[in-house]
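> Got a predicted structure here, sequence first:
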There are 4 protein chains.
Amino acid sequence: MNRSFLNDLLASVASQGRYLVDLARGQGGGAAEGGELPEMARRLLSGRGEASGTALARAFLARYAGLPGAERRQALLALTEALSPDPAEVRRAYETWASSPDAAALANLARAAEPPRQELVRRLNRAPGGTLALVRMREDLLDALPAHPELAAFDADFTHLFGSWFNRGFLVLRRVDWTTPANVLEKVIAYEAVHAIESWDDLRSRIEPPDRRCYAFFHPALVDEPLVFVEVALTRETPGRIGDILAPGRRSLAPGEATVAVFYSISNCQRGLAGVSFGNFLIKQVVEDLQRDLPGLRTFVTLSPVPGFARWLQREADAGHPEAAAALAAGPDHPGVTALAARYLLEARGPAGRPLDPVARFHLGNGARLDAVHALADLSAKGRSASLGAMVNYLYDPAAIEANHEAFASDGTVAASPAVRRLASVVPRTPSRVA
Amino acid sequence: MNRSFLNDLLASVASQGRYLVDLARGQGGGAAEGGELPEMARRLLSGRGEASGTALARAFLARYAGLPGAERRQALLALTEALSPDPAEVRRAYETWASSPDAAALANLARAAEPPRQELVRRLNRAPGGTLALVRMREDLLDALPAHPELAAFDADFTHLFGSWFNRGFLVLRRVDWTTPANVLEKVIAYEAVHAIESWDDLRSRIEPPDRRCYAFFHPALVDEPLVFVEVALTRETPGRIGDILAPGRRSLAPGEATVAVFYSISNCQRGLAGVSFGNFLIKQVVEDLQRDLPGLRTFVTLSPVPGFARWLQREADAGHPEAAAALAAGPDHPGVTALAARYLLEARGPAGRPLDPVARFHLGNGARLDAVHALADLSAKGRSASLGAMVNYLYDPAAIEANHEAFASDGTVAASPAVRRLASVVPRTPSRVA
Amino acid sequence: MNRSFLNDLLASVASQGRYLVDLARGQGGGAAEGGELPEMARRLLSGRGEASGTALARAFLARYAGLPGAERRQALLALTEALSPDPAEVRRAYETWASSPDAAALANLARAAEPPRQELVRRLNRAPGGTLALVRMREDLLDALPAHPELAAFDADFTHLFGSWFNRGFLVLRRVDWTTPANVLEKVIAYEAVHAIESWDDLRSRIEPPDRRCYAFFHPALVDEPLVFVEVALTRETPGRIGDILAPGRRSLAPGEATVAVFYSISNCQRGLAGVSFGNFLIKQVVEDLQRDLPGLRTFVTLSPVPGFARWLQREADAGHPEAAAALAAGPDHPGVTALAARYLLEARGPAGRPLDPVARFHLGNGARLDAVHALADLSAKGRSASLGAMVNYLYDPAAIEANHEAFASDGTVAASPAVRRLASVVPRTPSRVA
Amino acid sequence: MNRSFLNDLLASVASQGRYLVDLARGQGGGAAEGGELPEMARRLLSGRGEASGTALARAFLARYAGLPGAERRQALLALTEALSPDPAEVRRAYETWASSPDAAALANLARAAEPPRQELVRRLNRAPGGTLALVRMREDLLDALPAHPELAAFDADFTHLFGSWFNRGFLVLRRVDWTTPANVLEKVIAYEAVHAIESWDDLRSRIEPPDRRCYAFFHPALVDEPLVFVEVALTRETPGRIGDILAPGRRSLAPGEATVAVFYSISNCQRGLAGVSFGNFLIKQVVEDLQRDLPGLRTFVTLSPVPGFARWLQREADAGHPEAAAALAAGPDHPGVTALAARYLLEARGPAGRPLDPVARFHLGNGARLDAVHALADLSAKGRSASLGAMVNYLYDPAAIEANHEAFASDGTVAASPAVRRLASVVPRTPSRVA
């Protein structure tokens, strides 16, 4: 009859989390309290919303989930419009502050400028399963954004609130292994974005052997939903090819004998949480935990793709760079691949002066160092077409992370090993442009 | 070797929660990374804070927790000052919007008006145990506020963030009973604010018998810390005296035979979360859960104190009301106690026109009805001195809650039973004033 | 630092259970304490075994697990021989009792006649993971038994102890669903003995839909190992074909609308626990739990194979029964299949006068009634060859179970519906023999 | 809706365990299936018992629990008598074996000599909460035994089965601390048999400080019931007085700085499990776990009472030993206390030649060494009256445990430090007798 105290916590959390799945499938008893969504939103924001406890929020989310896609989009547009700050009130608040600039008046101005949509989102979150329903709503919003740029304001509200709610302090790091529930594992299979997991057997070969690890961040309100996960191989040498890690039938290593931890795949899972950064914290936490558990580990390094490389080569070739054109024509076997990739990673910059390559941007921004570039390292279809088969090691040296990051943040300096710098220097530059 | 997936979640959450206790006791390795707190705050808000992961937040909180009280207060004042919005930037953002009033410019204005303290609090929360440390920091702030009204701005930042973080959707309802861990139970003993719990045996008599229930809200990041709890007695009649409920040696009732659920005590636990309302949701959730578990229950009612009654009587007596003076002189036995209490509850209003009595304000604001007033109902020292022995039943009738709340919210109408109205009408009013 | 009390229980139990897997793989540090197994057994049974705590038991099991199969078999033979009761002591004890027949002397005789192997097994069980290691040892023993009938004595020791240790009171019923850990689910796939599970998708279709259930018994010392499991379909009619239940793409039913619970597969998982009966308790417990959870259920019935049918038909045909020969020749489409199957189930008896069909024996022995026989019900290869496509419903009517069982146990009376009896009566008997 | 797999295990186990408490309170719906207990027992042992699943066992236990004490005693006597082995059958089985002495015949003899009471106990255990109910039944039996020695046979059945069921392999070691559920902690308070725990605050001072530990063995079927627990103090020196350990207000030590683990109290909790030994395994397991967790620990030692010392002194004094008489007269301050205690512990032997002192017998039997004797070490009333204030350190040296135990087991040799031997040698022997 009595249930264990801590189990109750989990049970509640888990059933709340699962409830939203039912909502999303439209089984949430939606029709109950009808009405148009903007009208329901207004009621929810009024005092009456308070009295109804969570019932109104629940009804809103069920109704939203039950709508066809086009109507959901209409609802988002209507809410963006209807729940904007009142310009007159903003003006009044500003003038009050301007005439008497104290902290209270400034706080009042901030309040007036905050879109009521944010309070709507907070109130919707009160419903059981609300958090997951809101993450799914944001997915709809992101889908609609290209065609409806006016939704950017609502999107900013989501980004702001999700950044606060999915704060590192509320995340829980869990190891994912073969004792993990199947409903979580199937999401790992689905969300793996770097080296696709082909089957349950393939998954098992990545999480069960003693020299393999997988860690994910979870949020207590989304218990079955990983937010981001990283796959780690424990080895004795820094690998230069993904095949060394994923080879079928390889012999596994006793973890105590490993000296290198290789982060060979990191995947975000929730499109609805785009813009909230977890990966940085995940890698650092995993490094910390592995150092404590396996004191024999000396090196923490990635084996990463170079996803923008082929596209950049194409632009270089188009711009008249003969080596680039030659490499593109020859493919992964071309002898200049590593030098060109080194050049691309060190010098190709985007509009804000940051590395063009998104993976490089992520790891260098975290304070890692560009340590080595390998050719013929990923010969999958995707590896060939996007990266010309090249892969990269980014080194996470705990002693250098802060300085690397600082230099990168202040003036875009890329931390790189002498070998990579040398490699980059052997390629002649495209005459007309730098990147 | 492997640990259960869901246990890991709990274990992580629990150990994070407990970590903060260590911080609060100053064992958190504080001195490690020194420096003044405002300087550390600035670093934490800079890019460098990003690179350090959670280390800098941890160091800040440890250092803060290790300071003596006066220096903690100085730190709060310094942070309030140093991390205010930049007025020049607010002005610029306003003018940009005023000249071209689109959503992006408005969002930019909101951002400029948001105090950087909020981002500081969010970043501090990244540290293990950060959430609890921040709740404790808010306690310091509330202590300092009377002497330092300029801290109100920082306090508003906490209220805003805590309101978002402790959203109903993130709270977990758990039953507290005799299988609950002792470290949680001791907090129930400590935090009981209505009818003090004298000993572990007293506690046991409130949570172990089959006709007694206790429920609390918890937050996953504060696992051992109840936020608010309510004590419930299952009975066959609405009680008019607290002694009926707390009688030592009483026989307990089989839950299936109960028809009435009596909420006889509700206590907030975290001073640092003042201003975040949980009680409303707690009562409604418990009503829902009890209805489902025990379909024999027909009535959901409180047995509540009237904490402002004696103070009001004194003011009435001072203003020349002879009945008030007589009642004060005679004490709980005075025959006019119930009529005066009914009058007080129905008519005594505070500056905003809301009931003067805080307990009445809470339950009426939740949509309950003032159902009955009892004399000689709480003869404890506190009951006599504050309430003249009177107690009140507020009725939670699920069918009427929304309408009651709406009427109360729109024009202050108090829902009350005819009997209570009649009772109030027999007392002559103080000539000079209504309340 | 501190861990939740109840989690610790689980964690310990789980890691003990898993430890034995390591043992079984020979990674248990076997060589540590060497020596021949019978010699180690003697030490373990001596006082010295006491002092060593669990170390000696651990060493024994690791050593055993590390041996090649033939040597394991030799060890079992040697232990059977070496640890038999001492005949001289049995004689002495008997004579003491015969001359002075009191309870103490009788107890002493029982003790003298108990093989020391039983105490060996109890002491081996002290090692972490010992229980699973012993279940695996029994598997070896069962494998060796046909060639070495002298092992029967040791086998009887195992049966006796396992019957006591795996007592219903120590078993735990758990639902198996899509949130169950993958390492448990893969065992369900492996152990399904009736309707093979082809893939993870197939498994999912049997445990995730709301109108499907799977329950298993577990033992706390073997946490990841199901002992026996049953698959249940919730329907509105008693099905007559397995295809109705396993149809891909079928629409699922809301559980509240179901009136029939169909037990369509029950599989024992641990060969090493052969002879310990769980299935009886499992079905009754699941009936009880389903009745409580889903009060709309009215009928509890199996859909079962008739695994001995074809073999019996062959014997009948060989004995000159023309209908049997015709049915065998025609296969599942032969119009006499149901009548012949009814006759087989009602009348074909084994040496002890109990039904020849093992599935019939199990369900009738549990107190179920033979309710209906269906032709063309299982057209899988196995269904065709063993059962001629026939399947059977055994009805578990809680009101009749005890009486059915009693009649069956006392004189072999088979409870059957009038329809089945009628069906059986239309087939002429083989002249020469009844069954 | 779905519940976590592993939580379900726990929940089931816990609720089964608690169910038996309800039984014990006679709320188990007892009257349901009436009849006399021996008659119910016979039905339970018959096939009909099989069919009823667990219902009949449940009814039996509820009926038994509902009887007044005298009738429970009558029932135990009746069961002892009614369910004894059948002498004629034993004789037949013996003669069969004698004439043809193979393993099967011997197994049959063992079966015939096994009292049917054992099967009764196994079948009763099938009921929810059965294990606890049986432990309570054994308590009744032990209470009745002195007046009814014929119950010894039934008691032997319990000892045999409980020894098998509470095998070390099924026990779970858990740390007990301030996060342990209150219903478990209250049992620790109640069962502490060495140094009484006065209050919840006293309990807290023994389990919460970082330099204090408490560990207990639990059995999954009795989840809230500790079987045996040990209290440990982490110190920097081997203590000679209990006051050093239990001093109120003492400063606690960081566990990492401790070099000595002191076992200062070990208590069995379940009278109904008398004769099943846990303490030996508990101490060894805790030593192992502490060594792993706190590698700084060098010494594992007890601080133990000498409970039989005063009684022995009295016998010595009565026998004319003048020092003994003098010490008894002077009490704890007498200068010969330690020498006499050393003599007592080294030389006073019971009938079987084992140490007279039960605590000495336990620790020496486990392989510990008698290391030091202290006077004025326990000045509580009990310490003064039973031990003349003396306490003892028994040293658990992992390297010597096995040899110590072997010597003790083979010829009663007591392992003792030279200092203790010297001490014992200074006291003149009582002329007439050694111990």
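Okay, I see it.
> okay, the closest residue in space to residue A:374 that isn't next to it in sequence: pLDDT?
Nearest residue to residue A:374, sequence neighbours excluded (CB to CB, 6 or more residues apart in numbering or on different chains): residue A:240, at 4.0 Å. From N, CA and C alone the C-beta is placed, and that goes for glycine too. We note a pLDDT of 96 for residue A:240 in this prediction.
> tell me which element residue A:240 falls in.
For residue A:240, there is no host helix or strand (DSSP states H and E).
> I'd like to know how far it sits from chain B.
27 Å (CB to the nearest CB, to the nearest Å).
> tell me the contacts of that residue?
A:303, A:372, A:374, A:377, A:391, A:393 (CB atoms under 8 Å, 6 or more residues apart in numbering or on different chains).
> quick one, strands of the stretch 101-250 of chain A?
A:172-175, A:212-218, A:228-235 (DSSP state E, counting those that start in this stretch).
> Quickly run through the sheet partners of the longest one, with directions.
Paired strands of strand A:228-235, with direction, are strand A:212-218 (antiparallel), strand A:260-268 (antiparallel) (DSSP bridges).
> returning to what we had before: would you turn the strands of the stretch 101-250 of chain A into TSV with mean neighbour count and mean pLDDT?
Formatted as TSV, the strands of the stretch 101-250 of chain A follow (neighbours: other CB atoms under 10 Å in any protein chain shown; pLDDT from 0 to 100):
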stretch	mean neighbour count	mean pLDDT
strand A:172-175	20	94
strand A:212-218	23	97
strand A:228-235	24	97
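> Among these, which comes closest to residue A:191?
Nearest to residue A:191 among the strands of the stretch 101-250 of chain A is strand A:228-235 (7.4 Å), distances taken as CB to CB.
> Outside of the closest one itself, which residues are in contact with it?
A:176, A:188, A:191-192, A:206, A:211-217, A:239, A:244-245, A:253, A:255, A:258-269, A:278-279, A:282-283, A:286, A:290, A:294, A:297.
> closest point of the stretch 201-350 of chain A to chain D, which residue?
residue A:223 (9.2 Å; CB to the nearest CB).
> Return the backbone torsion pair for that residue.
Main-chain torsions, residue A:223, degrees, to the nearest 10: phi -60, psi -30.
> Now do the same for it: its pLDDT.
80.
> go on, residue A:12?
46.
> For chain B, give me its nearest residue in the stretch 251-400 of chain A.
Per CB to the nearest CB, residue A:284 is where the stretch 251-400 of chain A lies closest to chain B, at 4.2 Å.
> What residues are bridge-paired with the nearest residue to residue A:400 once chain neighbours are set aside?
Of all residues not flanking residue A:400 in the chain, residue A:369 sits nearest, at 6.6 Å (CB to CB, 6+ apart). Counting by DSSP bridges, residue A:369 forms beta bridges with residue A:395.
> circling back to that earlier point, dump the strands paired with strand A:228-235 into TSV; add distance to residue B:76 as well.
Listed next are these as TSV, based on distance: least, CB to CB, whole Å:
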stretch	distance to residue B:76
strand A:212-218	31
strand A:260-268	37
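> Quick one: closest of the ones you listed to residue C:421.
strand A:212-218 (59.0 Å).
> Right, I'll call it a day here.
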